[in-house]
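Asks: Next come a sequence and a model predicted from it.
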Amino acid sequence: MSFKYGGLRDSIVDAIRRGTEGRNVGVAFSGGLDSGLAAAVSKDYADSVVLYTCGTDTSHDVVMARDLSERIGLPWVHVKISRDNVESLIREMMAATDVRDPFTISYELQLFSVCRASGEDVILTGQGADEYFMGCAKFVGCPYADYEIFRKDSVKRLLEVSVPCERAIAAHFGKDIVYPYMDQSVVTEVGKIGPEVLRPKDMDSRKAVLREVALDLGHPVIAERKKKSSQYGSGTTDIIRALAKEKGMMYNQYIASIYDVVKGNGIRIEDSDIY
């Protein structure tokens, strides 16, 4: 019996092949479904694959990634983030990208740290899977009208905010970044799947279609993986909030104060933007 998502499966595999074949690849690896599947498939095409996970010593992502790296048989590097280095990393990221939005920094600092640590010219990422395969909690059980709004807004932010920031990060370190789940062939195949299939009914059914693809490709261990958003799974947000509190600031005020130091221009984020 043919796999019902065969076209999608083949487009994902081909996108990974085109981005990694014959190259030395570093994977921005959270230990979850998205980056796990991309890493496992890239083994068949890349000259070498090394997994990089940014997080605190005891963070969810680090624990999950260490375990999955052993299961799929790929070398793994822990890119440590801590109270001692997070502010310097934020300053360096701001100087390289001019990004100062607190939310963007909270979830892109991990990629910045991975690119900084990686010796490979290619960085493979699972970015886009949450937006196209409905991995965000806000999609769970939402009415169709809300689903359409959430989906469009999520993709818009992905393409207009996240990707430009990530490309600036990659360029800063002289690396190519590969987005298999955002490849046009993959997006086209996802577009053939109805919202009644993609919309998750509960937290466990998020990205159900991508999980089926992982199963069909022979990766049941990857298909069952669950993870947190990078800013929480890595422990980054907790560290930044704690440092801000010590200085008597809200999260966004602390980020703005760092930006002031980097740019020396007195720019402040309005209090209305406080998270």
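Replies: Nice, thanks for sending it over. Since we're looking at a predicted model, the values are computed, not measured.

Asks: where in this structure is pLDDT low?
Replies: Within the chain, the stretches with pLDDT under 70 are 1, 227-232, 265-275.

Asks: at 90 what do you get?
Replies: In the predicted model, the chain carries pLDDT under 90 at residues 1, 136-137, 139, 141-148, 195, 201, 203-204, 225-235, 263-275.

Asks: if you count residues, which strand in it comes out on top?
Replies: Ranked by residue count and defined by DSSP state E, the top strand of the chain is strand 48-55.

Asks: okay, the angle between whichever helix or strand comes after that strand and strand 48-55?
Replies: Next along the chain after strand 48-55, taking DSSP states H and E as the criterion, comes helix 60-72. Going by axes from the mean of the first three to the mean of the last three C-alpha atoms, to 10 degrees, helix 60-72 is angled at 160 degrees with respect to strand 48-55.

Asks: What lies in contact with helix 60-72?
Replies: The contact list for helix 60-72 (C-beta atoms under 8 Å, 6 or more residues apart in numbering) reads 29-32, 36, 39-40, 43, 51, 53-56, 75-76, 78, 219, 221-222, 225, 227-228, 230, 232-235. Glycine gets a C-beta too; all of them are placed from N, C-alpha and C.

Asks: Write a ChimeraX command that selects only the buried members of these.
Replies: In ChimeraX, this line selects whichever of those come out buried by 16 or more other C-beta atoms under 10 Å:
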select :29,30,31,32,36,39,40,51,53,54,55,56,76,78,219,222,225,227,230,232,233,234,235
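
Asks: Among the contacts of helix 60-72, name the ones in strands.
Replies: Using DSSP E, these in strands are 51, 53-55, 76, 78.

Asks: quick one: which of those is nearest Y107?
Replies: C54 (10.8 Å; C-beta to C-beta).

Asks: that older thread, the ones in strands among the contacts of helix 60-72 into JSON lines, with extra columns for distance to E166?
Replies: As requested, the ones in strands among the contacts of helix 60-72 are exported to JSON lines (distance: C-beta to C-beta, whole Å):
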{"residue": "L51", "distance to E166": "18"}
{"residue": "T53", "distance to E166": "17"}
{"residue": "C54", "distance to E166": "14"}
{"residue": "G55", "distance to E166": "18"}
{"residue": "W76", "distance to E166": "22"}
{"residue": "H78", "distance to E166": "21"}
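
Asks: quick one: I123 is in a strand?
Replies: Yes: assessed by DSSP: H, G, I helix; E, B strand; the rest coil, I123 belongs to a strand.

Asks: was I right about it contacting D176?
Replies: Yes: contact criterion C-beta atoms under 8 Å: I123 and D176 qualify, at 7.2 Å.

Asks: List the contacts of D47.
Replies: 22-25.

Asks: again with E92
Replies: 112, 116.

Asks: Mutual contacts of I123 and D176, please.
Replies: Shared contacts of I123 and D176, counting by C-beta under 8 Å, 6+ apart, come down to A170.

Asks: Neighbour count for those two, which is higher?
Replies: Just comparing I123 and D176: by other C-beta atoms under 10 Å the higher neighbour count belongs to I123, 24 against 15.

Asks: list the contacts for that one?
Replies: 25-28, 111, 114-115, 170, 175-178.

Asks: Counting neighbours, which of the contacts of D47 comes out on top?
Replies: Neighbour-wise, those (other C-beta under 10 Å) top out at V25, 27 neighbours.

Asks: Quick one: classify that residue as helix, strand or coil.
Replies: Quick answer, by three-state DSSP: V25 is strand.

Asks: For it, give its distance to D98.
Replies: 28 Å (C-beta to C-beta, to the nearest Å).

Asks: What are the boundaries of the helices in the stretch 51-200 of the chain?
Replies: Counting by DSSP state H, counting those that start in this stretch, one finds helices in the stretch 51-200 of the chain at the ranges 60-72, 86-97, 102-117, 129-132, 144-157, 163-172, 184-190, 195-198.

Asks: Quick one, which of the ones you listed gets closest to G248.
Replies: Of those, nearest to G248 by C-beta to C-beta is helix 86-97, at 15.7 Å.

Asks: Between helix 102-117 and that closest one, find me the angle.
Replies: Going by the same axes, to 10 degrees, helix 86-97 makes 90 degrees with helix 102-117.
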